[in-house]
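Student: could you work out the structure for the sequence below:
(one chain, ligands or ions: 2)
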Amino acid sequence: SKEIKVALAGNPNSGKTTAFNAITGARQHVGNYPGITVDKKEGFTKVGENRIHLIDLPGTYSLTAYTMEEIVARNVVADQRPDVVIDVLNAGALERNLYLAIQLMEMGAPIVLALNMMDEANKQGMKIDIDKLADLLNVPVVETVARTGEGIQELLTETVKCAAKNEGKKWEPLSISYGPDLDPALNKMVDLIEKNNLLTDRYPSRWTALKYLESDDEIMQLGREAHPVSAELEEVVKSVSKHLESTLATYPEAVIADYRYGYITSIIRQGVVTRLDAAADRV
Ligand code: GDP
Ligand code: MG
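Tutor: Ligands and ions are numbered 1, 2, ... in the order given. Okay, here's the model as predicted:
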């Protein structure tokens, strides 16, 4: 018997707490993260021979450093290295909910997507081709209705499979293009980061570079404390920012968000979501 460490992520109101309770029942414990007021909830369950240790991450829309919840969520992933991250999504708002999923994939964590609230999505006449979504994202996807427990067993089965498949393997962060203005800068920064091992024991190098471009205070502070090369990265960011401002009147963080949404949209538009009621709002 072995223990599989699983983190539960998701947007607020995606049904994360309901899923957590459906998975762990009464076998849970609420504490808090040292020094802050974010709850730390953990629980356990068994799947066959495997014991699952479930860590509830704070509900977040993103993994920036704007809120304590986002910082806690990404630090748990980076530091505790869960074997699998289950990301609970509101299936009815797939595009918006995938924004977090993409960022978890950019951190390199093996993830399983739980398309929750499928009852609501079906009621609205929405059909999701989960095999296609799984293929395009290259991650397992399971439909769930956390409120009734539907799909929870399958979610756990897929989680155990995902853990076995990734056991002992290096995390493989998703790498998406951020376009002609940012990609060259990102590549240059990745080179500097890897040559100098800047935070590389904790974060994927392209992820760290993106955080510099997003002006992420937490990561930049860690970077400055870790290595003088941080100043060179900040110079690259400055020059890219200046260029974007003068040519496109925009800034790196906005470009990054646009490309992330563009990546998601390009996947959804490949026939992942269809509406049976043609009059319904476009997803
Ligand atoms: P959290 O903010 O992600 O922790 O979301 P909660 O677990 O608190 O759920 C938010 C609301 O959605 C609650 O009223 C739940 O009962 C409800 N809910 C959770 N899962 C489902 C589901 O699969 N279908 C439906 N219809 N409602 C759900
Ligand atoms: Mg909750």
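
Student: contacts only, for V88.
Tutor: By C-beta atoms under 8 Å, 6 or more residues apart in numbering, the contact set of V88 is L8, A9, G10, S14, G15, K16, A19, A114, N116, T144, A146. For the C-beta atoms, the positions are set from N, CA and C on the backbone; glycine is no exception.

Student: which helix or strand contains it?
Tutor: Element membership for V88, per DSSP states H and E: strand 84-90.

Student: got it, and T45?
Tutor: Assigned by DSSP H and E, T45 falls in strand 39-47.

Student: now the following helix or strand past that strand, how far from the centre of its chain.
Tutor: Per DSSP H and E, strand 39-47 leads on to strand 50-56 as the next helix or strand towards the C-terminus. Here the centre of mass of C-alpha atoms in strand 50-56, compared against the chain's by C-alpha atoms, centre = their mean, to the nearest Å, lies 18 Å away.

Student: one more: stretch 111-120?
Tutor: 15 Å.

Student: endpoint to endpoint, that stretch covers what distance?
Tutor: With C-alpha to C-alpha, to the nearest Å applied, stretch 111-120 spans 24 Å between its terminal residues.

Student: which positions in it come out as buried?
Tutor: For stretch 111-120, burial by neighbour count (16 or more other C-beta atoms under 10 Å) applies to I111, V112, L113, A114, L115, N116, M117, M118, D119.

Student: and ligand 1, is it touching that?
Tutor: Yes - Stretch 111-120 is in contact with ligand 1 by C-beta under 6 Å from any ligand atom, via N116, M117, D119, E120.

Student: can you put these in TSV and add pLDDT and secondary structure?
Tutor: Written out in TSV, the entries for those read as follows (pLDDT from 0 to 100; DSSP: H, G, I helix; E, B strand; the rest coil):
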residue	pLDDT	secondary structure
N116	98	strand
M117	98	coil
D119	97	helix
E120	96	helix
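
Student: and the most centrally placed residue in the chain, how close does it get to R27?
Tutor: With distances taken as C-alpha atoms, centre = their mean, the residue of the chain nearest its centroid is L104 (2.3 Å). Distance, L104 to R27, by C-beta to C-beta, to the nearest Å: 25 Å.

Student: for T17, same thing?
Tutor: 15 Å.

Student: higher neighbour count, those two?
Tutor: Under the criterion of other C-beta atoms under 10 Å, the comparison of T17 against R27 puts T17 first, with 17 against 12.

Student: can you tell me the element that one falls in?
Tutor: In this structure, T17 is located in helix 16-24 according to DSSP H and E.

Student: for that helix, C-alpha coordinates in CSV please.
Tutor: The C-alpha trace of helix 16-24 is given here as CSV (Å, rounded to 0.1, in the frame of the first residue of the first chain):
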residue,chain,number,x,y,z
LYS,A,16,-14.4,22.1,-4.8
THR,A,17,-15.6,21.8,-1.2
THR,A,18,-18.4,19.5,-2.2
ALA,A,19,-15.9,17.3,-4.1
PHE,A,20,-13.5,17.3,-1.2
ASN,A,21,-16.3,16.1,1.1
ALA,A,22,-17.5,13.5,-1.4
ILE,A,23,-13.9,12.2,-1.6
THR,A,24,-12.9,12.2,2.0
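
Student: going forward, the N-terminal residue is numbered 681.
Tutor: Sure, I'll start counting at 681 from here, so that last one is helix 696-704.

Student: state the mean pLDDT of that helix.
Tutor: Along helix 696-704, the predicted confidence averages to a pLDDT of 95.

Student: swap in stretch 802-818?
Tutor: Stretch 802-818 shows an average pLDDT of 96 in the prediction.

Student: output the set of residues of the protein in proximity to ligand 1.
Tutor: By the rule C-beta under 6 Å from any ligand atom, the part of the chain lying against ligand 1 is 690, 692-698, 739, 796-797, 799-800, 825-827.
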